[in-house]
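Asks: The following block contains a protein sequence and its predicted model.
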Amino acid sequence: MTYYGSKELAAGFRTVRANTLAIAKDIPEDKYGFSPAPGTRTVAGTLVHIAIMNRMPMLIHGENRISTLAGFNFPALVAEAVAEENKPRTKAEIIELLATGGERFAQFLEGLPEEILAEQVAMPMGTPTHKSRFEMLLGAKEHEMHHRGQLMIAERMLGITPHLTRQMQERMAARQSQTVQA
């Protein structure tokens, strides 16, 4: 018995995606073209990247269920992703892409039995030589959190207080108010 399986993985991913969606909604559409530094993705590009990159683990661990990444054509998949990221989209279209793609991925995660999560996938070069599908799928959530951190920096640069900070400030103010009243 494990304490963290497919249901928990899906729930954790849904939490991460809900926070990404909150950021996507907080940033005004006229700031979606903002790039924090030369040569980096725009806000829109980062959000689309987040929205579409979960197709890769679904392909690797679901549709094709490959057992080795040796010979896997990552450059072709990355080129496809970059082309997708560069398509013009409205804020509403990006939010819809995040919402529908996120739920599709969460449902995919929920449906994976423990036996599949435990399977080992051979890595192409380097160490470790193998990773479990579970570890690799957890990496998809970590990937989104990495980019969400970048978006939170972009929010700060745009003068927006990130929603998680606002929520913490509200909780602190409520506690302070309760202390003063007591």
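Replies: Received, thanks. This is a predicted model, so every value here is computed, not measured. Numbering: from 1, shown residues only.

Asks: Break down this structure into its strands, ranges please.
Replies: Assigned by DSSP state E, the strands in the chain fall at 120-122, 130-132.

Asks: Now tabulate the ones you listed in JSON lines and tack on mean neighbour count.
Replies: All C-beta spots, glycine's among them, are computed from the backbone N, C-alpha and C. Formatted as JSON lines, these follow (neighbours: other C-beta atoms under 10 Å):
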{"stretch": "strand 120-122", "mean neighbour count": "15"}
{"stretch": "strand 130-132", "mean neighbour count": "15"}
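
Asks: most centrally placed residue in the chain?
Replies: Nearest to the geometric centre of the chain sits E144, at 2.5 Å (C-alpha atoms, centre = their mean).

Asks: check contacts around it.
Replies: Applying C-beta atoms under 8 Å, 6 or more residues apart in numbering to E144 gives the contacts 13, 16-17, 20, 50, 53.

Asks: So which of the strands of the chain is nearest G71?
Replies: strand 120-122 (10.3 Å; C-beta to C-beta).

Asks: Now do the closest one: which elements does it pack against?
Replies: If contacts are counted by 3 or more C-beta pairs under 8 Å, 6 or more residues apart in numbering; DSSP states H and E, strand 120-122 sits against strand 130-132, helix 133-157.

Asks: quick one, which of those is packed in tightest?
Replies: Highest mean neighbour count of these: helix 133-157, a mean of 17 (counted as mean count of other C-beta atoms under 10 Å).

Asks: where's G159 relative to Q167, distance?
Replies: Distance, G159 to Q167, by C-beta to C-beta, to the nearest Å: 18 Å.

Asks: Which of those two has more residues huddled nearby?
Replies: Q167 (11 against 7; other C-beta atoms under 10 Å).

Asks: mind showing which ranges of the chain have poor pLDDT?
Replies: For the chain, the stretches with pLDDT under 70 are 1-2, 182.

Asks: ok, now with 80
Replies: Under the criterion pLDDT under 80, the flagged ranges of the chain are 1-2, 125-128, 182.

Asks: And the helices in this structure?
Replies: 6-26, 43-52, 55-58, 74-85, 91-110, 114-118, 133-157, 163-181 (DSSP state H).

Asks: right, and those helices - which one's nearest A37?
Replies: Comparing the helices of the chain by C-beta to C-beta, helix 133-157 comes nearest, at 9.6 Å.

Asks: Run a quick check on L117 versus S6, I expect a contact.
Replies: Yes: with contact defined as C-beta atoms under 8 Å, L117 and S6 form a contacting pair (6.3 Å).

Asks: re the thing from before, tell me the most buried of the helices of the chain?
Replies: Each of those was assessed for mean neighbour count using mean count of other C-beta under 10 Å. The highest is helix 43-52, with a mean of 23.
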